[in-house]
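Visitor: Just to be clear, the model below is a prediction. Sequence and coordinates:
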Amino acid sequence: MTRGARGNKRLLAMVFAFSVVAVVFIGFVAATGSSVTYHVTLSPSSPYYFSISGGFLTVSVEVSSSEPVTVCMTDATGLAKLKAGEKALCYMYAGNVKDLKRVWRSPNDGQFYLVILSDKPAEATVTIERGILVK
């Protein structure tokens with residue numbers, strides 16, 4: 001059983017259409033990334049931090065807390081300084097906020113930390129979304 005020229009064109013068109021649909025689906029999955037929500041209890045003078053790997057991905061951070069908190073995006077050196085009670089260089093900084101929503105893209109590859117500090121005991125909800133495109 002052999003196919004004529006017309007049958008090969010149909011098969012080629014079906015393979016092309018399937019390839020386009022697969023590429024769009026994979027692109028959608030890569031673009032939307034992942035989302036994680038944490039419920040944390042903050043204590044005074046003790047930083048709570050989340051590790052975020054840098055690179056080409058965009059990170060959307062949403063923080064809601066019962067008391068004003070300070071939010072800082074820093075690297076390993078800054079985290080060590082914050083743990084020691086010193087001030088650190090923050091690539092993204094928001095002081096005394098109860099609600100925060102920011103989209104951030106790391107300036108280069110490497111490990112970064114989202115640090116939350118509170119002067120009073122507080123409850124916080126942190127949502128982190130990662131992806132190429134973040135809504």
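Guide: Sure thing, it's come through.

Visitor: which residues of the protein fall in strands?
Guide: 34-42, 48-53, 58-74, 92-105, 111-118, 122-131 (DSSP state E).

Visitor: Residue 17 is nearest to which of those?
Guide: Between residue 17 and the strands of the chain, the shortest gap by Cβ to Cβ is with strand 122-131, which sits at 26.4 Å. For every residue, glycine as well, the C-beta is placed using N, CA and C.

Visitor: could you give the angle of that closest one to strand 48-53?
Guide: 10 degrees (axes from the mean of the first three to the mean of the last three Cα atoms, to 10 degrees).

Visitor: name the helices or strands packed onto strand 122-131?
Guide: Secondary-structure packing of strand 122-131 (3 or more Cβ pairs under 8 Å, 6 or more residues apart in numbering; DSSP states H and E): helix 5-32, strand 34-42, strand 48-53, strand 58-74, strand 111-118.

Visitor: Pairing partners for that strand, with directions?
Guide: strand 34-42 (antiparallel), strand 58-74 (antiparallel) (DSSP bridges).

Visitor: Flag every buried residue along that strand.
Guide: 122, 124, 126, 128, 129, 130, 131 (16 or more other Cβ atoms under 10 Å).

Visitor: Out of those, the closest to residue 15 would be?
Guide: The closest of the buried residues of strand 122-131, once distances to residue 15 are taken by Cβ to Cβ, is residue 131, at 29.0 Å.

Visitor: can the helices and strands packed on strand 122-131 go into JSON lines with extra columns for mean neighbour count?
Guide: Putting the helices and strands packed on strand 122-131 into JSON lines (neighbours: other Cβ atoms under 10 Å) gives the following:
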{"stretch": "helix 5-32", "mean neighbour count": "10"}
{"stretch": "strand 34-42", "mean neighbour count": "12"}
{"stretch": "strand 48-53", "mean neighbour count": "15"}
{"stretch": "strand 58-74", "mean neighbour count": "19"}
{"stretch": "strand 111-118", "mean neighbour count": "20"}
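
Visitor: wait, which of these is closest to residue 99?
Guide: Of the helices and strands packed on strand 122-131, nearest to residue 99 by Cβ to Cβ is strand 58-74, at 5.2 Å.
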